[in-house]
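Novice: What shape does this take:
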Amino acid sequence: MADGTPTSTARAIALHPADAVMIAAVDLAAGETVETPHGAVRLVEAIPQGHKLASKAMAAGAPVTKYNQTIGFASADILAGAHVHTHNVEVRDFERHASAAPAATLEAPAGPVPTFEGYRRADGRAGTRNYLLVLSTVNCSATVCRGIADAFKAHPILGDPLADFPNVDGVVALTHDFGCIADPHLQRVIAGYARHPNVAGFLIVGLGCESNAVGAVAGNYGLPEDDNARYLVIQDSGGTKKTIEDGIAIVRDMLPAANRWQREPIPASELILGLECGGSDAWSGITANPALGRAADLLVAMGGSAVLAETPEIFGAEHLLIARAATPEIAETLKERVAWWQDYAERRGASLDNNPSAGNKAGGLTTILEKSLGAVAKGGTTPLNGVADYGAPITAKGFSFMDTPGYDPSSVTGLIAGGANVICFTTGRGSAFGAKPVPTLKLATTTALYERMPDDMDINAGLILDGTETVETMGRIILDAVIAAASGTLTRSEENGYGDEEFAPWSVGAVL
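Specialist: Next comes the predicted model:
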């Protein structure tokens with residue numbers, strides 16, 4: 001356990017000698033005796049796999065600790081050997097102090113920086129895919145956008161309209177439910193996707209009477225108008241059918257230029273890795289998340305960038321990130337964003353403590369504090385060099401944070417709009433997800449999940465729990481897979497066709 005990697009022989013796992021709880025590695029029966037850092041403990045009740053047992057007695061009101069951090073407080077007296085979960089743990093306000101080690105300073109790996117086979121765009125940025133996008137400014141233009149993109153889908157009888165354009169990964173319609181009201185978040189996201197390095201050309205389609213109009217999006221964010229940047233307005237183009245016809249013709253004109261892009265060697269230092277988790281379980285903070293954090297550290301050491309997100313899901317662990325802030329200003333910005341979310345939730349009669357979800361709890365997670373402590377492990381150990389607004393360009397090199405909702409599609413949409421060109425998504429329950437135009441790698445927390453959903457999972461981080469890999473070696477496996485995906489290797493989500501329906505811009509007031 002010295003390196004944070006659980007052993008395969010442990011029936012219960014202690015993450016820190018001072019912790020008040022351990023995690024059941026297998027289903028444990030009442031009456032079993034378990035060795036703990038505090039001595040042998042006889043279980044007073046059955047403990048399901050992934051759930052917590054008390055390694056020592058705790059009086060009502062005592063802090064419950066895991067990762068050597070407080071994850072809640074005993075709501076009643078808890079006997080040593082008892083099941084510790086929602087029935088006897090509650091969240092209270094308390095002052096959090098960063099007791100973790102300061103941010104690590106990593107040495108760059110010996111030898112040349114690895115390369116991936118990517119697309120070097122005209123503005124110098126690096127792409128990992130080569131798409132044409134059809135973007136709606138408002139829900140009213142969604143059907144037209146889909147009608148345009150559908151004309152370029154393969155058909156069993158009519159064939160593949162993109163067969164003559166092998167370097168084009170697809171024509172994708174990205175639509176949403178908003179747009180009548182001008183929304184800076186929505187405009188920023190549409191513009192971010194339009195100029196993403198994975199996009200060879202775009203067509204933005206509006207209705208004509210919405211506040212979030214084509215001209216407003218293009219003008220406010222300086223989007224160009226040229227052969228590979230085009231715009232249509234339904235009310236000015238003759239209606240639905242005529243706009244679809246015009247859009248199809250525009251995309252056909254774009255295809256030859258898009259097909260001329262060729263992959264070439266690009267340093268891995270130009271990768272921007274988005275870090276996401278969804279459907280977390282008790283193993284997320286033990287296997288997949290820390291292993292992804294190690295991969296993030298390795299990428300940062302090479303000069304690359306890694307971006308953590310989901311502000312509501314760092315609540316209770318934000319002090320660990322604040323302690324790593326490179327400057328006081330960065331620390332203060334993160335504090336302000338967490339405070340904004342607390343106020344945002346309270347004004348709507350909600351609470352950030354309402355998280356975790358039912359699935360998270362079934363998997364062994366009890367409080368948002370426990371979930372967040374596992375979630376921040378995805379961010380590795382290096383200094384926090386920036387905090388970006390939702391969907392804003394990711395400009396900080398190294399490790400940074402983006403303020404996004406905890407809702408996975410909205411969070412990843414923000415990361416992609418900011419420029420992330422690869423996504424890693426950890427899951428313990430088996431989230432089904434992908435996000436065009438960026439490849440998404442899915443990391444399973446356990447071997448059981450990996451074997452149960454082999455068509456959806458790219459990497460089995462459960463090998464750490466099995467004892468065949470460590471956090472360190474799994475981090476290297478993940479980074480190798482990231483570089484392969486950036487070079488064109490299809491991810492499971494791409495093979496399954498995910499990504500057309502997962503575009504979900506955050507509309508403040510509608511998504512928490």
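
Novice: pLDDT below threshold where in this structure?
Specialist: Scanning the chain for pLDDT under 70 picks out 1-9, 97-102, 104-105, 108, 353-355, 509-512.

Novice: Okay, domains of it per the record?
Specialist: Domain assignment for the chain by automatic domain parsing gives 12-90, 131-259, 268-495.

Novice: Out of these, which one sits most buried?
Specialist: Of all these, domain 268-495 has the most neighbours on average by mean count of other Cβ atoms under 10 Å, namely a mean of 22. Every C-beta, even on glycine, is put in place using the N, C-alpha and C of the backbone.

Novice: In this structure residue 246 contacts residue 231, no?
Specialist: No: with contact defined as Cβ atoms under 8 Å, residue 246 does not count as touching residue 231 (10.8 Å).

Novice: Need the residue closest to the centroid of this protein.
Specialist: residue 276 (1.7 Å; Cα atoms, centre = their mean).

Novice: roughly how far apart are the closest residue to it other than its chain neighbours and residue 261?
Specialist: Of all residues not flanking residue 276 in the chain, residue 425 sits nearest, at 4.7 Å (Cβ to Cβ, 6 or more residues apart in numbering). From residue 425 across to residue 261, the span is 26 Å (Cβ to Cβ, to the nearest Å).

Novice: Residue 413 too?
Specialist: Counting by Cβ to Cβ - residue 413 and residue 261 are separated by 24 Å.

Novice: what do you get for residue 402?
Specialist: For residue 402 relative to residue 261 (Cβ to Cβ), the value is 27 Å.

Novice: Then residue 127?
Specialist: On the measure of Cβ to Cβ, residue 127 and residue 261 end up 8 Å apart.

Novice: How about residue 388?
Specialist: Following Cβ to Cβ, the distance that separates residue 388 from residue 261 is 27 Å.

Novice: do residue 151 as well
Specialist: Taking Cβ to Cβ, one finds residue 151 at 21 Å from residue 261.

Novice: which neighbours does the lengthiest strand in the chain have in its sheet, and in what orientation?
Specialist: Identified as the longest strand of the chain according to DSSP state E is strand 199-206. The strands beside strand 199-206 in its sheet (DSSP bridges) come out as strand 131-136 (parallel), strand 229-233 (parallel).

Novice: Quick check: residue 131 touching residue 168?
Specialist: Yes: using Cβ under 8 Å, residue 131 is in contact with residue 168, at 7.3 Å.

Novice: Mutual contacts of the two, please.
Specialist: Taking Cβ atoms under 8 Å, 6 or more residues apart in numbering as the criterion, residue 131 and residue 168 both touch residue 200.

Novice: From residue 48, how far off is residue 36?
Specialist: Residue 36 is 18 Å from residue 48, by Cβ to Cβ.

Novice: quick one, helices of the protein?
Specialist: 142-150, 184-194, 214-220, 240-259, 288-301, 318-322, 328-347, 358-362, 368-375, 408-418, 447-452, 463-466, 471-486, 492-495 (DSSP state H).

Novice: separation between the residue nearest to residue 276 and residue 414?
Specialist: Taken as Cβ to Cβ, the span from residue 425 to residue 414 is 14 Å.

Novice: Please apply the same query to residue 145.
Specialist: Counting by Cβ to Cβ, the gap from residue 145 to residue 414 is 20 Å.

Novice: again, but for residue 270
Specialist: 20 Å.

Novice: Please apply the same query to residue 426.
Specialist: The value you get for residue 426 to residue 414, if Cβ to Cβ is used, is 18 Å.

Novice: I'd assumed residue 25 was in contact with residue 283.
Specialist: No: between residue 283 and residue 25 there is no contact under Cβ under 8 Å: 9.4 Å.

Novice: joint contacts of the two?
Specialist: With Cβ under 8 Å, 6+ apart as the test, residue 283 and residue 25 both reach residue 465.

Novice: List the residues that contact the residue nearest to the centre of the chain.
Specialist: 309, 310, 378, 408, 411, 412, 415, 423, 424, 425, 426.

Novice: Can you add distance to residue 140 and give the residues you listed back as a markdown table?
Specialist: Converted to a markdown table, the contacts of residue 276 look like this (distance: Cβ to Cβ, whole Å):
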| residue | distance to residue 140 |
| --- | --- |
| 309 | 29 |
| 310 | 30 |
| 378 | 38 |
| 408 | 26 |
| 411 | 26 |
| 412 | 25 |
| 415 | 27 |
| 423 | 29 |
| 424 | 35 |
| 425 | 31 |
| 426 | 37 |
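
Novice: Closest to residue 492 out of those?
Specialist: Distances from residue 492 to these, taken as Cβ to Cβ, are shortest for residue 425 (10.6 Å).

Novice: mind checking how far that closest one is from residue 309?
Specialist: Residue 425 is 11 Å from residue 309, by Cβ to Cβ.

Novice: Quick one: distance of the longest strand of the chain to the chain centre.
Specialist: 25 Å (Cα atoms, centre = their mean, to the nearest Å).

Novice: thought residue 465 was touching residue 25?
Specialist: Yes: Residue 465 is in contact with residue 25 according to Cβ under 8 Å; the separation is 7.1 Å.

Novice: got the contact list for residue 22?
Specialist: 12, 13, 14, 34, 36, 52, 53, 55.

Novice: Let's see that with 7 Å instead.
Specialist: Residues near residue 22 by Cβ atoms under 7 Å, 6 or more residues apart in numbering: 12, 13, 14, 36, 52, 53, 55.

Novice: Residue 417 now?
Specialist: 188, 189, 192, 193, 391.

Novice: same thing with residue 34?
Specialist: Contacts of residue 34 by Cβ under 7 Å, 6+ apart are 11, 12, 28, 41, 43, 53.

Novice: Endpoints of stretch 76-96, how far apart?
Specialist: 22 Å (Cα to Cα, to the nearest Å).

Novice: Tell me which residues are up against it.
Specialist: 21, 41-45, 47, 51-60, 64, 70, 72-75, 319, 353, 361, 366-369.

Novice: Just the residues you listed: which are in strands?
Specialist: Using DSSP E, the contacts of stretch 76-96 in strands are 21, 41, 42, 52, 53, 54, 64, 70, 72, 73, 74.

Novice: separation between residue 72 and residue 89?
Specialist: Taking Cβ to Cβ, one finds residue 72 at 4 Å from residue 89.

Novice: brain fart, residue 311
Specialist: Applying Cβ to Cβ to residue 311 and residue 89 gives a distance of 23 Å.

Novice: Look up phi and psi at the closest residue to residue 174 other than its chain neighbours.
Specialist: Nearest residue to residue 174, sequence neighbours excluded (Cβ to Cβ, 6+ apart): residue 503, at 4.1 Å. Phi and psi for residue 503, reported as degrees, to the nearest 10, are phi -70, psi 110.

Novice: Could I get the contacting residues of residue 503?
Specialist: Counting by Cβ under 7 Å, 6+ apart, the residues that residue 503 touches are 174, 175, 176, 413.
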